[in-house]
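Colleague: Structure for the following, please:
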Amino acid sequence: MRLERLTANKIKIFLTSDDLFDRGLSKEDIWKDSIKWNQLFHDMLEEASEEFDVDIQGSVAVEVFSLQAQGMILIITVDDVIEDDEILYDGFIEMQVRVEGYEDLLYEFDEFEDIISLAKRLSTVSIFGGSLYVWNNRYYLIMDNLESEKNIKAACVLSEFGNASILSPYVLAEYGKRIIEQQAVETILHFFK
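Modeller: Numbering: from 1, shown residues only. Sure, this is the predicted structure:
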């Protein structure tokens with residue numbers, strides 16, 4: 001589990017599929033009002049509260065972004081304004097959950113050589129496409145528009161060479177520098193055989 005403070009009242013939490021599995025949960029459990037999910041949520045809020053010195057009480061909004069085989073991102077917004085007529089109980093948190101999904105796979109790499117090796121490996125399993133970015137001395141490959149079967153296969157191969165990124169594709173598009181738009185695998189293979 002990784003935590004990041006976005007603003008004074010917003011916190012981003014990235015949970016990998018392994019984090020969920022270790023706690024006996026799946027992404028589908030978020031829709032259920034299970035005891036395990038509530039316990040995990042309270043544990044995350046407690047850890048975020050300690051790490052960022054934020055008093056989390058009252059109402060919080062939770063946006064959940066499912067990242068295919070990578071896990072999920074939760075954006076927690078703490079309601080700063082508490083109305084006079086609002087009744088709070090100790091330890092009570094009112095939660096509003098919205099779930100969205102990213103169909104794209106987004107992985108980060110330390111070295112460009114890793115991407116060259118990845119492109120060669122992806123081509124052996126007939127997976128092509130993708131867009132390549134650089135930001136903060138790291139490389140990012142977004143694989144989009146893949147069929148579900150190829151998406152799972154691509155995630156397995158990508159994991160061999162890089163790490164699932166907690167960035168959203170929107171942040172990367174805004175702040176990163178695009179090196180190759182679309183057909184990244186094919187372009188890399190063309191120049192680095």
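
Colleague: Could you break this protein into its assigned domains?
Modeller: Segmentation of the chain into domains, based on automatic domain parsing, reads 2-101, 105-191.

Colleague: now those domains in TSV, with mean neighbour count and mean pLDDT?
Modeller: For every residue, glycine as well, the C-beta is placed using N, CA and C. As requested, the domains of the chain are exported to TSV (neighbours: other C-beta atoms under 10 Å; pLDDT from 0 to 100):
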stretch	mean neighbour count	mean pLDDT
domain 2-101	15	66
domain 105-191	17	88
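
Colleague: other SSEs contacting the helix or strand harbouring residue 174?
Modeller: Element membership of residue 174, judged by DSSP states H and E, is helix 169-175. With contacts taken as 3 or more C-beta pairs under 8 Å, 6 or more residues apart in numbering; DSSP states H and E, helix 169-175 sits against strand 131-135, strand 138-143.

Colleague: CA atoms of the helix or strand that that helix is followed by as CSV?
Modeller: Remark: after helix 169-175, the chain's next helix or strand is strand 177-180, criterion DSSP H and E. Extracted in CSV, the C-alpha atoms of strand 177-180 (Å, rounded to 0.1, in the frame of the first residue of the first chain):
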residue,chain,number,x,y,z
LYS,A,177,6.7,14.4,-22.2
ARG,A,178,5.3,12.1,-24.9
ILE,A,179,8.2,10.3,-26.8
ILE,A,180,6.1,8.0,-28.9
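
Colleague: How far off centre is strand 177-180?
Modeller: Strand 177-180 has its C-alpha centroid displaced from the chain centroid by 21 Å (C-alpha atoms, centre = their mean, to the nearest Å).

Colleague: same for the helix or strand following that strand, what does it pack against?
Modeller: With elements assigned by DSSP H and E, the helix or strand that comes after strand 177-180 is helix 184-191. Applying 3+ C-beta pairs under 8 Å, 6+ apart, one finds that helix 184-191 contacts helix 112-124, strand 131-135.

Colleague: one more time with 10 Å
Modeller: In terms of contacts (3 or more C-beta pairs under 10 Å, 6 or more residues apart in numbering; DSSP states H and E), helix 184-191 is packed against helix 112-124, strand 131-135, strand 138-143, strand 177-180.

Colleague: Done for today, thanks.
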